[in-house]
Each structure stands twice: as structure tokens, then as C-alpha cells.
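*Asks:* Here's a sequence, model it:
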Amino acid sequence: MLLRILRSFVPRSPARGALLLLPLAALLFAACEKPQSSDLTSPSARIMIGTTEGTVTINPTEAPPAPKPAPEGWRLNLENARFAKLENDNPSLQVSSDIRAHHGSVYEIWISGPEGPIYRWTGGSSREYDGVVCFQLLVDDGQAALPFGNGPLTMTTAFRDKTTGEVVAADDLTIAGFPPSGRPAPDADSKVGKILLGCPRSVI
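*Replies:* This is a model prediction of the structure:
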């Protein structure tokens, strides 16, 4: 069918036909290309909490929750957190977790350094979910960056009951790799650290 459509655009002159087919072929190739993870949000995060955009707090005054084993029927294993790059070369933080969740808890992401908490992301309400959750955070867009500073960084993820505020489960992990530095902290309108983006096509 596609070949018939292309042939309908080709004039009887082979040379002119070849010239016309070039832009058509380019359009078809572009349409078949997979979108970059830099532009897509995380499908697994959206399924788990119904959203991929949260509320960001820089240098929160409260501390992240301490690790807390998941209760029966839940699972929260933070398995990987490392600095990398999106497909557009912007620095990112790649995160992978093995999670079993149930309805009614808010998902939290924390990053802390030697001097205390640096970043908190809060969003969504958990649904029934059982499997791997993978996402990336944009941490530097060329104009602003999360203010990581020096020293080892720890990521904490947690579920908190949205009615009682009690922490249901929490896990933490030292972040691997080296964070970007040298840019001002993002303002309220910045997308830095705000959206849970899709993971790269290759395995983390």
C-alpha cells in the first residue's frame, strides 16, 4: 500500500521521480524514529502514581524519612541511582526501583548531602502496582542545576499515607557518579528536577 502511494507521486521521468522521493523518504524516516527519552515521561511512574510531575522543594527544612521496611504486601527496593545524561546530553539522575504499592500513599524523592537535605520531590497518589519503576530527573538544563555541592549524596524514596502523613515505607541509596555544578539553583518555573522522564532504551 505504501509503495503504491509513493508511486502515485512519481512522474514518468525517473530523474524527477528520484528527486521527489528524497523528501518523502526523509519524512517517513523521521516518523519512524523513536522519540528520545529526553522528551518522554516515565510510563511506569505514571502507572504507579498517576502523574510524572511533582512539587519540588530546594533545601527543605525537614529531614528525609529514615529507612523503613515495607509492611506486608508492600515492597520498596531502591536499586539504582546514578548520574548520567539524557539523550540530548543534559545531565540526568537515573533511578530504578522494585516496587509493590497499594492505593492511597504519596510518593516522595529526597536527595541529601553531608550538610543536610538538598531536594525533595512530592507527587501523585499510589495505585495498585507491582514491578520495576524507572525514571530520570533532569538535574541541569544549561541555565540552572540542582545545588548538589560537594561530598557523597544519598537518595531516599518513600511512600507516605496521604491521610495520616505516616511513612509507609522508605529506602535509601548512595548516588553513584559525579553531579554537575556551577549553575544557580532552579526557580519555581524551571523544569529542572520537576518531571519524571523516561529511562533510556538501553538497560541502566
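*Asks:* Walk me through the domains of the protein.
*Replies:* 2-32, 37-197 (automatic domain parsing).
*Asks:* Comparing the ones you listed by mean pLDDT, which bottoms out?
*Replies:* Among the domains of the chain, domain 2-32 carries the lowest mean pLDDT, a mean of 43.
*Asks:* doesn't Ile47 fall inside a helix?
*Replies:* Yes - remark: Ile47 belongs to a helix, assigned using DSSP: H, G, I helix; E, B strand; the rest coil.
*Asks:* For the residue nearest to it when sequence neighbours are not counted, give me its contacts.
*Replies:* With C-beta to C-beta, 6 or more residues apart in numbering as the measure, Tyr129 is the residue that lies nearest to Ile47, at 6.3 Å, once sequence neighbours are left out. From N, CA and C alone the C-beta is placed, and that goes for glycine too. Contacts of Tyr129 were listed using C-beta atoms under 8 Å, 6 or more residues apart in numbering, and they are 47-48, 99-101.
*Asks:* circling back to that earlier point, quick check: which of the domains of the chain is buried the most?
*Replies:* The highest mean neighbour count among the domains of the chain, using mean count of other C-beta atoms under 10 Å, belongs to domain 37-197: a mean of 17.
*Asks:* Let me know the secondary structure of Ser44.
*Replies:* helix.
*Asks:* Please enumerate the helices of the chain.
*Replies:* Remark: helices of the chain, listed N- to C-terminal, are 2-8, 14-32, 43-49; assignment by DSSP state H.
*Asks:* got the end-to-end distance for stretch 165-182?
*Replies:* Taking C-alpha to C-alpha, to the nearest Å, the first and last residues of stretch 165-182 lie 36 Å apart.
*Asks:* what comes into contact with it?
*Replies:* Applying C-beta under 8 Å, 6+ apart, the set of residues contacting stretch 165-182 from outside is 64-71, 74-84, 91, 93, 97, 105, 111, 139-140, 145-146, 148-149, 152-161.
*Asks:* Same question for stretch 52-70.
*Replies:* Counting by C-beta under 8 Å, 6+ apart, stretch 52-70 makes contact with 41-42, 45-46, 76, 100, 107-110, 112, 116-124, 135, 146-147, 156, 158, 160, 167-172, 185-186, 193-197, all of which sit outside it.
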